[in-house]
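In: just need the structure, nothing else, for what follows:
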Amino acid sequence: MVAKVKSGEGFYVGDICYVLSDRVYHGEWGRMHGYKDGVWEDPRSGFSFAVAGTAYGDGSYVDGEGHVYGVDAGVIGLVPLELVDDISGLEDGRAFIGGGEAEFEAEDGVFIVSLPKGERVIINTRDDEFEEDDWDEEDDWEDSHDEMGYDPYLGCYTGEV
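Out: Numbering: from 1, shown residues only. The predicted structure follows:
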């Protein structure tokens, strides 16, 4: 799935349950769309958000830069800051200031978010590693994975070595 999301303020990347209002989360996305992966519009504001399921549901997942994302709804999404209802939820993901158009790509539990200022977030919620072609940063995925510390009990990367 590839989706484009626009914002005049910036974006939140993480589990959408922490930041969306109940009206949007349970009403628009849940009741109207059955909590399915995709890009969905809030008819009141006209802003859209994108969301997809992680590979293994809830837990903690680490991006390629070592940022930890708490997940309690089994999903990761891209939400324009205009739709953020609870700013305390921003601490469970990452917020990026600056408007424009961002791209959200999700496939088999791997998320790639390309933001307007050239920032890129890559979150692999699977246990396997990316193929080398999937990682075009200076540091390759294997090295960054080794630095994160895999916890077999939790079944995820903790960020601790």
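
In: which residues of this structure fall in strands?
Out: 2-7, 10-14, 38-41, 48-53, 59-62, 68-71, 75-80, 94-97, 100-107, 110-114, 120-124, 150-151, 156-157 (DSSP state E).

In: quick check: which of these is nearest to residue 29?
Out: Ranking the strands of the chain by distance to residue 29, with C-beta to C-beta as the measure, places strand 38-41 first at 5.4 Å. Quick note: C-beta positions are derived from backbone N, CA and C, even for glycine.

In: can you list the strands that the closest one pairs with?
Out: Paired with strand 38-41 in the same sheet, following DSSP bridges, are strand 48-53 (antiparallel).

In: closest one to residue 26 among the strands of the chain?
Out: Minimum separation from residue 26 across the strands of the chain (C-beta to C-beta) falls at strand 38-41, 12.5 Å.

In: how many neighbours does the closest residue to residue 107 other than its chain neighbours have?
Out: Nearest-residue entry for residue 107: residue 1, 6.8 Å, with adjacent residues in sequence omitted and distances by C-beta to C-beta, 6 or more residues apart in numbering. Look at residue 1: counted by other C-beta atoms under 10 Å, it has 13 neighbours.

In: try residue 107
Out: Residue neighbour count, defined by other C-beta under 10 Å, stands at 10 for residue 107.

In: for it, name its beta-bridge partners.
Out: In this structure, residue 107 has beta-bridge partners residue 110, where bridges are defined by DSSP bridges.

In: right, and it touches residue 53 too?
Out: No - proximity of residue 107 to residue 53 does not meet the contact threshold set by C-beta atoms under 8 Å, at 11.1 Å.

In: how near is residue 107 to residue 42?
Out: Distance from residue 107 to residue 42, counting by C-beta to C-beta, to the nearest Å: 25 Å.

In: now swap in residue 20 and tell me
Out: Remark: distance between residue 20 and residue 42 (C-beta to C-beta) = 9 Å.

In: common neighbours of these two, please.
Out: Counting by C-beta atoms under 8 Å, 6 or more residues apart in numbering, the shared contacts of residue 20 and residue 42 are 49, 83.

In: more neighbours: which of those two?
Out: In this comparison of residue 20 against residue 42, neighbours counted by other C-beta under 10 Å, the higher total goes to residue 20 at 26 against 20.
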